[in-house]
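Trainee: Just a sequence and a predicted model for now, questions to come.
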Amino acid sequence: MDLGEQHIQEVPAFNQIVAQPRVKRFLTSAVASGRISHAYLFVGAPGAGKTLAAQALAQSLVCPHGGDAHCDDCIRVAHRTHPDVHWYSPAGVSDYLAGQIRELIDDVQLTPVRAKSKVYIIQRADMLHGTSANALLKTIEEPPAGVVFILIARTLDNVLPTIVSRCQTVPFSVLSPQTGARAIELACGIDDYRAQIALAITGTPQQAEQYLLSAARQEIRTQVIRAFSELAHADSWDILQAAQRIAHAISPQKKSKKKVDEAKLSEEEQQEAAIVEQYLSKKAQSELEAIKKREATSKDRSGMIEALAAAKSLLRDVLMYCEHVDVAPINIDHSDVIQRIGATTTITGVICALEAVDVAIADINHNVTPQLALEVMLLSAKEAL
């Protein structure tokens, strides 16, 4: 895939691919020369930039200006609202549902709505198995003219070999923390330490960029650090209150389980409720309500995982301080908290606190109530530190 240093015409959309220069050169050359494959398989670790590269390639294919990254078509692709760029992710717990693949295959036969090409981005292609994978094989092998598939997977090992053989594989290298932080700095125009904090909490440059755009998500970290800074002198009640503040930062507008009086709903919410009641059956309304509850639960869990990641980042800084490692802390904006905790604890205590955070993360992933897992973690961390 190495194209050397030959000069090729730039595609502005590919400037988003900051941390994968070989991938950028490869895709730029393919678009500039018109040698677009009917199917690509982007392979690499989480955070390597595969989804962003898929978005950029889709922009270059449906944009009337060749991927200028600024026109209406490119903006629609970025917002995932372009009618000719279709995003798929597994609807099942461990697999794509057969109905999803049938829908995709039927849609492939339709002509594009506003572009000359149609793009299908299939995330977690390693979760395509059995009936779903076999149904897709023929379509990937011989799609209609102008249709391009972009499959995204973590490794080739879990992707069906027959699917791999029908795609052009594009490997993404693993990013070092320094490279990831640098990519965030360039994308967001921020200071180095803020990029490192965002990357430590979210794990990937793309998620870090979204994190830095959200004051609410950053407030979660603020509350976590406050909780740890007060931990030494906190009793059980104080710890429960701290956990409640963190939970509130994660879901500041969480509604009561009681039915909200219609008069208190906003005009937009009233209109939405009226449309739902008028056009959806009782069964469909129940299913919609269940979907909303699942989405709210998922948001609470992901928010709590971020809170625990912030705690882990802080404790790692404390551990480095206790071990007298001459490295700048990630949470350099709270060096005073790091030093204060480090001055009154031991290396063993910090390691035990870190283990408590790992236990909380595992508990949440096994469906333990997020706030309960947080409360237990804080109580355990206090005892350890």
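Mentor: Structure's in. What do you need?

Trainee: what about the longest strand in the chain?
Mentor: Counting residues, the longest strand found in the chain (DSSP state E) is strand 147-153.

Trainee: quick one: strands adjacent to it?
Mentor: Strand 147-153 has the following sheet partners, assigned by DSSP bridges: strand 39-43 (parallel), strand 118-122 (parallel).

Trainee: if you average pLDDT over the first one, what comes out?
Mentor: What strand 39-43 shows for mean pLDDT is 96.

Trainee: And for the last one?
Mentor: Throughout strand 118-122, pLDDT has a mean value of 96.

Trainee: Quick one: distance of that strand to the chain centre.
Mentor: 19 Å (Cα atoms, centre = their mean, to the nearest Å).

Trainee: could you dump it to CSV, C-alpha only?
Mentor: Taking Å, rounded to 0.1, in the frame of the first residue of the first chain, the C-alpha atoms of strand 118-122 are listed here in CSV:
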residue,chain,number,x,y,z
LYS,A,118,-23.9,5.1,-2.8
VAL,A,119,-21.7,4.2,0.1
TYR,A,120,-22.5,1.5,2.7
ILE,A,121,-20.4,1.7,5.9
ILE,A,122,-20.6,-1.5,7.9
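
Trainee: After that strand, which helix or strand is next?
Mentor: As assigned by DSSP states H and E, the chain's next helix or strand after strand 118-122 is helix 130-141.

Trainee: what's the answer for the first one, then?
Mentor: Using DSSP H and E, the helix or strand that directly follows strand 39-43 along the chain is helix 50-62.

Trainee: just checking, what packs against that following helix?
Mentor: Packing partners of helix 50-62 (3 or more Cβ pairs under 8 Å, 6 or more residues apart in numbering; DSSP states H and E): helix 21-33, strand 39-43, helix 72-78, strand 118-122, strand 147-153. Bear in mind the C-beta positions are built from the backbone N, C-alpha and C, glycine included.

Trainee: let's see 10 Å
Mentor: Helix 50-62 is packed against helix 21-33, strand 39-43, helix 72-78, strand 85-88, strand 118-122, strand 147-153, strand 168-171, helix 205-212, with contacts defined by 3 or more Cβ pairs under 10 Å, 6 or more residues apart in numbering; DSSP states H and E.

Trainee: Extract the CA atoms of that helix and return them as CSV.
Mentor: The C-alpha trace of helix 50-62 is given here as CSV (Å, rounded to 0.1, in the frame of the first residue of the first chain):
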residue,chain,number,x,y,z
LYS,A,50,-11.0,3.9,10.9
THR,A,51,-14.5,5.5,11.2
LEU,A,52,-13.2,9.0,10.4
ALA,A,53,-11.4,7.6,7.4
ALA,A,54,-14.6,5.9,6.2
GLN,A,55,-16.4,9.2,6.6
ALA,A,56,-13.7,11.0,4.6
LEU,A,57,-13.8,8.4,1.8
ALA,A,58,-17.6,8.6,1.7
GLN,A,59,-17.4,12.4,1.4
SER,A,60,-14.9,12.1,-1.5
LEU,A,61,-17.3,9.7,-3.3
VAL,A,62,-20.6,11.6,-3.0
